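In: got a predicted structure plus its sequence, pasted below:
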Amino acid sequence: MSSNLNFENTDTILNEDRLFPPKSELVENANIMAYMKSKGFTDYDAFHKWSIENRFEFWEDMAKELHWFKPWEKTFEWTNKPFFRWFVGGQFNIVYNCLDRHMETPVRQKVAFYWEGDNGETRTLTYEDLYKLTNRLAKGLQNLGVKKGDRVAIYMPAIPEQVAALLAVARLGAVHTVIFGGFAASALRERINDAGAKVVITADGNYRGGKHIKLKEITDEALEDTPTIEKVVVVKRLSNDVPMQAGRDIYLDELLADIPEDTVVPCEPMDSEDLLYILYTSGSTGKPKGVVHVHGGHAVGLYMTTRFVFDIKPEDVYWCTADIGWVTGHSYIVYGPLMNGATSVLFESTPYYPNPDRFWSVVEKFKVSIFYSSPTAIRGLMRFGEEWPAKHDLSSLRLLGSVGEPINPEAWIWYRKNIGHNELPIVDTWWQTETGMILISPTVILPLKPGSATKPMPTIEADIVDKNGNPVDATKGGFLIIRHPWPAQMRTIYRDPARYETYWDTIPGVYFAGDAATRDKDGYFRVQGRVDDVIKVSGHRLGSMEIESCLVSHPAVAEAAAIGKPDPLKGEHVKVFVTVKEGFEANDALANELKQHVRSTVGPLATPDELEFRPTLPKTRSGKIMRRVLRAQELGEPVGDTSTLDA
Ligand code: ATP
Ligand code: MG
């Protein structure tokens, strides 16, 4: 995060000025518009200004829509900077708001999840079903000795029991740490040990994209050196034979065998600031950090953003394609949608299995109306062509979303054209594991610009500054910072508060987590990538995003990564790595054409000196391009932490 702190002006050469205004009926019926009108606004900018001046009124309004065992005494406290507290003195449990509250309303009988397994098998769970499963699982965990404050590791496939596991742990006031089911034993072990988990919940394996994942065997390997683990709960996903260690391992079936269907384990009343979970970041820029989120304020932020960004209505079928192992899954598969009483899809497979139209067949099958995915998935699917989505009836869709990386304008346009019937809005949501909730994103009322996450959410004071925190010409770019805490923000890095403080003192007094961005004359933000990925050529600064987006706009290119390499004359020169789409040949002629394409579209400075074709690019398991790995390989330097590398 520190190497490029001398951030001068980024040469923003990519001029993307297409504007897509929203349809008036969407605007009129938008959830956020109803709230804005209640405060006397119809214009978002005016409302946003009000929300900054009245941030506590705004958050109190949101918090009041949730259930509190005991109301808070003080909305916000920031005496021990940079640590802060929200809804001080309140008693709350996020799970009460996800489940119990709905048992008194018609939501009880509503579908909570349509689940689709790897091979197309399905299950449907109502809110009542999920409530029952969660309560029984909570009871089972209680019987194993799990209590408030204990840490429980969850290493599972995307099955309904996984959702119930998070909810059961949180119900008891214990702390979950979810580890993506594709991680290796060493990554699992490291996280279990950092969190000091007492129990791990796993499965006897699963198939993902047709590939057998031996979760139990991997867990056993991880547990060879995890002194804190006492019990292992194993869900039968495949019902195959796996090694079970007597005294330590127990099947979920056995754990629940004597627990009646109607068992209720009351939600533990938690202090607003008590821990809900620890989640390790993606590791795109370095060693993963154990980000800590709490019950109270965190829930309020997720409730609000799910309702306003995705504009969820009672009849919607919502699908976030992320894995629950990432923050997107925590916030926008589990907690946000459940608090809003939404019907969601939970998906165990991959976009490419058995064919690259799997997403679209699921959309068609469950009549999905809101679809939230990632640039890496969209770019990956683009390479197979438009004929795959065209095979399916996607008319149920009304809103699309994107998260994880900057979405290249070309991918944005493809997404809108082929998935969004050329008319649907795309909410490009910028946020981080640390931010807990979406911070910069359109709501359905804003005109859109491809590749721009548009404007900050209510109360969020985002700005573009230099390394000292001084304002810069935002159209040319700088550091993306946030000035004031919001309720869903991380409270610390687990067992490493000093590391937490670096988020607040790298640029004194403001929150900074390492992204570079521009803001145009209309106030639209455009994330250019990590500060560390900015390339300095002859005194000019180029965002990796600009060069990559230009390459991706060429018909032959599927994905691209741009890095800077030391250069005796220019300081740095550009090297790009390119994967080509099906049916194109990677050869010298194409390489030259692509270099020229960058030269003529982005500018002579950005012209790559080197271009290398690769069959794949190094990515995190969540699909983010790891430019630091490419850079280290190029320079023959150690690659650092690669526990999250998708090898
Ligand atoms: P680490 O912090 O360990 O290096 P990471 O930053 O990839 O990993 P996450 O919290 O999963 O971990 O990702 C947050 C980052 O993802 C943001 O800082 C930003 O760089 C990128 N990002 C997420 N959504 C968007 C978006 N809509 N537009 C641009 N960038 C995005
Ligand atoms: Mg990060």
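Out: Received the coordinates, thanks. Ligands and ions are numbered 1, 2, ... in the order given.

In: ok, how many other residues are close to the residue in the stretch 101-250 of the chain positioned nearest to ligand 1?
Out: The nearest approach of the stretch 101-250 of the chain to ligand 1 comes at F180, 11.2 Å away (CB to the nearest ligand atom). Where C-beta positions appear, they are placed from N, C-alpha and C, glycine not excepted. By other CB atoms under 10 Å, 21 other residues sit near F180.

In: residues in contact with F56?
Out: Shown in contact with F56 (CB atoms under 8 Å, 6 or more residues apart in numbering): 75-76.

In: okay, it: pLDDT?
Out: We have a pLDDT of 98 for F56.

In: and it, helix, strand or coil?
Out: helix (DSSP: H, G, I helix; E, B strand; the rest coil).

In: can you list the strands that whichever strand or helix holds L346 pairs with?
Out: Secondary structure assigned from DSSP states H and E places L346 in strand 343-347. Partners of strand 343-347 in the sheet, by DSSP bridges, are strand 111-116 (parallel), strand 317-320 (parallel).

In: highest mean neighbour count out of those strands?
Out: When the strands paired with strand 343-347 are scored by mean count of other CB atoms under 10 Å, the highest mean neighbour count falls to strand 317-320 (a mean of 24).

In: can you list contacts of that one?
Out: 114, 310, 312, 328-329, 332-333, 337, 342-345, 347, 362-363, 366-373, 396, 401.

In: and the strands in the stretch 501-647 of the chain?
Out: With strands called from DSSP state E, counting those that start in this stretch, the stretch 501-647 of the chain shows them at 511-519, 525-530, 535-537, 540-542, 557-567, 571-580, 610-613.

In: and the nearest residue to E612 once chain neighbours are set aside, how many neighbours?
Out: Using CB to CB, 6 or more residues apart in numbering and skipping residues adjacent in sequence, the residue nearest E612 is F577, 5.3 Å away. If you count neighbours by other CB under 10 Å, F577 ends up with 25.

In: ok, F577 to P568 distance?
Out: Separation of F577 from P568 (CB to CB, to the nearest Å): 22 Å.

In: same question for V345.
Out: Per CB to CB, V345 is found 54 Å from P568.

In: of the two, which one has the most company?
Out: Remark: of V345 and P568, V345 carries more neighbours, 23 against 6, as counted by other CB under 10 Å.

In: residue contacts, that one?
Out: Applying CB under 8 Å, 6+ apart to V345 gives the contacts 113-116, 317-319, 362, 366, 368.

In: what's the offset of the worst-scoring helix or strand of the chain on mean pLDDT from the middle of its chain?
Out: In the chain, the helix or strand scored least confidently by mean pLDDT, DSSP states H and E is strand 540-542, which has a mean of 84. Its chain's C-alpha centre and that of strand 540-542 lie 28 Å apart, by CA atoms, centre = their mean, to the nearest Å.

In: do the same with stretch 222-237
Out: Here the centre of stretch 222-237 is set off from its chain's centre by 27 Å, with CA atoms, centre = their mean.

In: now do stretch 456-471
Out: On CA atoms, centre = their mean, the centre of stretch 456-471 falls 21 Å from that of its chain.

In: list the contacts of that stretch.
Out: 5-7, 47-48, 51-52, 55, 58-59, 304-305, 308-309, 437-441, 472, 474, 477-484, 486, 507-510, 517-519, 525.

In: equivalent analysis for stretch 524-531, please.
Out: With CB under 8 Å, 6+ apart as the criterion, stretch 524-531 contacts 1, 4-5, 7, 10, 12, 16, 284-285, 406, 430, 440, 449, 451-456, 462, 477, 479-480, 514-520, 534, 543-546, 627.

In: filter the residues you listed by proximity to ligand 1?
Out: By CB under 6 Å from any ligand atom, the members of the contacts of stretch 524-531 lying near ligand 1 are 284-285, 406, 430, 453, 515.

In: return the residues of the stretch 251-400 of the chain in contact with ligand 1.
Out: Counting by CB under 6 Å from any ligand atom, the stretch 251-400 of the chain sits next to ligand 1 at 281-286, 288, 327.
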